[in-house]
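**Q** quick one: sequence and predicted model below, then my questions.
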Amino acid sequence: MQIFRGCVAIDCVDVFGVQVRGVGVDAQTRCAHYHSVLDVIAIRMACCGEYFACKDCHEEVEGHAITVWPRSQWDTRAVLCGACGYEMAIHEYMECGNRCPRCEAAFNPGCRNHYHFYFEV
């Protein structure tokens, strides 16, 4: 489903029963900003509780700043594997070695450079 906010088309895609929002989102959570074969995670934002394909999608779609997940909430299931639908706890994602703990799908190792946008590090 697409919704328009100004000139931006907002996608809301069902990924294994979870709604993922963003710009140009596909069935495995890739988006207009990050779309390699390894870009298959979505993150539930602490600020609004919605899953987004990436921080740039959130910035384009929402009217508020991203709030980072505090360490005290790293047991929250807030990272979605777009390959199998597994929802990981934040600490589980950060310790997974760039592979889904359930299906072994490879994740983009460059994502670790963005942890500070989402998680208190």
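**A** Thanks, I have the structure now. Numbers count the residues shown, from 1 in each chain.
**Q** and the strand ranked longest in the chain, what's buried?
**A** Ordering each strand of the chain by length in residues (DSSP state E) puts strand 8-15 first. By neighbour count on 16 or more other CB atoms under 10 Å, the buried set for strand 8-15 is 10-11, 13, 15. Every residue, glycine included, has its C-beta placed from N, CA and C.
**Q** in the sheet, who's paired with residue 99?
**A** Beta-bridge pairing for residue 99 (DSSP bridges): residue 106.
**Q** contact partners for it?
**A** 105-107 (CB atoms under 8 Å, 6 or more residues apart in numbering).
**Q** now residue 41
**A** 29, 79-82, 93, 107-108, 111.
**Q** again, only using 7 Å
**A** Contact analysis of residue 41 by CB atoms under 7 Å, 6 or more residues apart in numbering lists 29, 79-82, 107.
**Q** pretty sure residue 33 contacts residue 58?
**A** No - counting by CB atoms under 7 Å, residue 33 does not reach residue 58; the two are 10.4 Å apart.
**Q** what's around the residue lying closest to residue 75 once chain neighbours are set aside, how many residues?
**A** Nearest residue to residue 75, sequence neighbours excluded (CB to CB, 6 or more residues apart in numbering): residue 89, at 5.2 Å. Residues near residue 89, counting by other CB atoms under 10 Å, number 16.
**Q** fine, thanks again, bye for now.
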